[in-house]
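Q: Below are the sequence and a predicted model for it; my questions follow.
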Amino acid sequence: MGYEELLEEAYSKVKKTEDTGERFEIPKVEGYFEGKKTIISNFTQIASHIRRNPEHFQKFLLKELASAGQKEGDRFILNIKVPSTKINQKIEEYVNEFVLCKECKKPDTELTKEPASRITFIKCLACGAKHSVRSKI
């Protein structure tokens, strides 16, 4: 067998994956209502997936949803009823503002703070870009 036939055989045995062009997907909220409260059961998993400090992420959600709430273990409890579509929309806003690089749109970033100022920056580990964060939390 020649090289070309072996190559074709190898390609035929390899599983094909659905390539959507996106390697980074924001996990959807899993939760339920308990009386007048909204319980987000996968809060810690979402925070670790987007690689951000859960306290920072929590502050953003509380501010954006205009609610009080607290973290208990892996769960996040909001003191109001909020539909999951609205929470998912706020998480997407958070990711666009605090996670994705403005230049290359990759999620390989970290939040840094300049020692001399109170400005927070997003530093991209993929392309090296550095941008200030517009909104404060």
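A: Structure's in. What do you need?

Q: Just give me the longest helix of the chain.
A: helix 84-98 (DSSP state H).

Q: Now tell me what touches that one from outside.
A: With contact meaning CB atoms under 8 Å, 6 or more residues apart in numbering, helix 84-98 is reached by 26, 28-29, 31, 38, 40, 46, 50, 52, 56-57, 60-61, 64-65, 107, 111, 122, 133-135. For the C-beta atoms, the positions are set from N, CA and C on the backbone; glycine is no exception.

Q: now stretch 51-65, how far from the centre of its chain.
A: Its chain's C-alpha centre and that of stretch 51-65 lie 11 Å apart, by CA atoms, centre = their mean, to the nearest Å.

Q: So that it lines up with my notes, have the first residue be 44 from now on.
A: Sounds good: first residue 44 from here, last item stretch 94-108.

Q: and it, C-alpha only, in PDB?
A: Extracted C-alpha coordinates of stretch 94-108, given in PDB (Å, rounded to 0.1, in the frame of the first residue of the first chain):
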ATOM      1  CA  ARG A  94     -11.900  31.500  34.700                       C
ATOM      2  CA  ARG A  95     -13.000  34.400  36.900                       C
ATOM      3  CA  ASN A  96     -13.100  35.000  40.600                       C
ATOM      4  CA  PRO A  97     -16.600  33.900  41.900                       C
ATOM      5  CA  GLU A  98     -16.800  37.000  44.100                       C
ATOM      6  CA  HIS A  99     -16.200  39.300  41.200                       C
ATOM      7  CA  PHE A 100     -18.800  37.400  39.000                       C
ATOM      8  CA  GLN A 101     -21.300  37.400  41.900                       C
ATOM      9  CA  LYS A 102     -20.900  41.200  42.400                       C
ATOM     10  CA  PHE A 103     -21.600  41.800  38.700                       C
ATOM     11  CA  LEU A 104     -24.700  39.600  38.700                       C
ATOM     12  CA  LEU A 105     -26.100  41.200  41.900                       C
ATOM     13  CA  LYS A 106     -25.600  44.700  40.500                       C
ATOM     14  CA  GLU A 107     -27.000  43.900  37.100                       C
ATOM     15  CA  LEU A 108     -30.000  42.100  38.400                       C
END
